[in-house]
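Engineer: model this:
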Amino acid sequence: MAIKQAVDQVLSQAVNAQAVPGVIAIAATDREILYEGAFGKRTLGHDAAMTLDTTVWIASMTKAITGAAAMQLVEQGKLQLDAPASAVVPDLAKAQVLTGFDASGKPQLRAPKRAITLRHLQTHTAGFSYNMWNADILKYQEVTGTPDLMTCTNAALNLPLVFDPGERWEYGISIDWIGKMVEAVSGQKLGDYLQDNLFAPLGMNSTSFKVSPAQRARLAGMHQRQPDGSLAVIPFEMPQEPEFQMGGGGLCGTAQDYIRFTQMILNRGTLNGAQVLKPETVQMMSRNQMGDIDCVEMKTVVPTSTHDANFFPGMKQKWGFSFLINTEKTPQGRSAGSLAWAGLGNTYYWIDPVKRVTGVLFMQILPFFDPKAISLFRAFETAVYESL
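Structural biologist: Next up is the predicted model:
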């Protein structure tokens, strides 16, 4: 079956079964678009159809972009992977390790055994976490009155470490700190740096922290999966005048833009003649950068935000700069050593450097790792590989 017919069928079935409100999918090789399609509604209860140029919150798919920006600055000698990151962002020197809480609920803290580096931050081995996957961080925020990360206030980043830098992997706010590092050495706001050095050269004309009127006219609504499996529209918007632009999850954009970024990685740093990274840098970003440490399942403590998340149960998983790496071939056909990640609103991508194929799938549903969304992503990916 031709790829268009196969993928159209997978996506339309999911929308018709009301498993998802609307979906956008694009697959490409390093040279051409293989498939693009959109089905369903931008927002349930409204007429506007999901389209290829619909704007969505890409959440943690921001991380790979911020990570790439940092690697540009490593290439220029403005950032170092293994130097103390606090030399660039002094506030990082204040981060202490949370060892527990005393009888009165007061946090117990100690100095970390070693300094946090850019390498730790890129690989989520710095010791930072997210409250939705770590009960101690959730409790710390409650007892200290530390604001939630989604407020995009600087105070929200003043969180303790949950282990010593370099000792294990835990997904967290590290890439937000990398955004601060990019700003510190470039002298630009993160969004301006990304616009000048990644978005403009790659033709990503609809990706930004602040939603423009043109983007807003094409914006998809956010949906929350209800206990009975139905979907309800919920109010959602990233702060439009944030204290800091969230390098770990603040961007809104289109699937058409994001596939340009993934094609650039597939092309070892170049797209349509615009080189934004050196081939050897992309090669470094695409390799395990945390040694013997493995990624572990992310177990939810805030079920309204996320399910437990593990892309490849039973498989050793590694992290590069800043991508998840599967160490074995997947059931969908993805080659060992491929790169991937996702965003909280159930947006997903993968980059397969062996078979030279990449795909992006966008929905706007909470909680993350929604079973129906994940099964749709896997069916989309399978259909792409079967067509190659």
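
Engineer: Pull the distance from the longest helix seen in the chain to the chain's centre.
Structural biologist: Determined from DSSP state H, the single longest helix within the chain is helix 371-387. Put simply, helix 371-387 sits 19 Å off its chain's centre (C-alpha atoms, centre = their mean, to the nearest Å).

Engineer: Which secondary structure elements does it sit against?
Structural biologist: Applying 3 or more C-beta pairs under 8 Å, 6 or more residues apart in numbering; DSSP states H and E, we find helix 371-387 packed against helix 3-16, strand 22-29, strand 33-40, strand 347-352, strand 357-362. For glycine as for every other residue, the C-beta is placed from the backbone atoms N, C-alpha and C.

Engineer: now these as JSON lines including distance to His46, mean pLDDT and mean neighbour count?
Structural biologist: Below are the helices and strands packed on helix 371-387 laid out as JSON lines (distance: least, C-beta to C-beta, whole Å; pLDDT from 0 to 100; neighbours: other C-beta atoms under 10 Å):
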{"stretch": "helix 3-16", "distance to His46": "15", "mean pLDDT": "98", "mean neighbour count": "17"}
{"stretch": "strand 22-29", "distance to His46": "10", "mean pLDDT": "98", "mean neighbour count": "25"}
{"stretch": "strand 33-40", "distance to His46": "11", "mean pLDDT": "98", "mean neighbour count": "19"}
{"stretch": "strand 347-352", "distance to His46": "20", "mean pLDDT": "98", "mean neighbour count": "26"}
{"stretch": "strand 357-362", "distance to His46": "17", "mean pLDDT": "98", "mean neighbour count": "27"}
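
Engineer: These: which one's closest to Lys63?
Structural biologist: Nearest to Lys63 among the helices and strands packed on helix 371-387 is strand 347-352; the distance by C-beta to C-beta comes to 11.2 Å.

Engineer: Distance-wise, check the nearest residue to His307 once chain neighbours are set aside relative to Ile65.
Structural biologist: Excluding its sequence neighbours, the residue lying closest to His307 (C-beta to C-beta, 6 or more residues apart in numbering) is Phe369, at 4.2 Å. Distance, Phe369 to Ile65, by C-beta to C-beta, to the nearest Å: 21 Å.

Engineer: Looking at these two, which is more packed in?
Structural biologist: Ile65 (24 against 19; other C-beta atoms under 10 Å).

Engineer: hang on, isn't that one packed against Leu194?
Structural biologist: Yes. The pair Ile65 / Leu194 is scored as a contact, 6.3 Å apart, by C-beta atoms under 8 Å.

Engineer: Give me the neighbour count for Leu190.
Structural biologist: Around Leu190 there are 26 other residues, counting by other C-beta under 10 Å.

Engineer: and it, how far is that from Ala87?
Structural biologist: Distance from Leu190 to Ala87, by C-beta to C-beta: 19 Å.

Engineer: now Phe39
Structural biologist: From Phe39 over to Ala87 (counting by C-beta to C-beta), the distance is 49 Å.

Engineer: Strands of the stretch 51-200 of the chain, residue ranges please.
Structural biologist: 56-57, 97-101, 107-110 (DSSP state E, counting those that start in this stretch).

Engineer: And the helices in the stretch 151-300 of the chain, which stretches?
Structural biologist: All helices of the stretch 151-300 of the chain, identified by DSSP state H, counting those that start in this stretch, fall at 174-186, 190-194, 200-202, 213-216, 255-266, 279-285.
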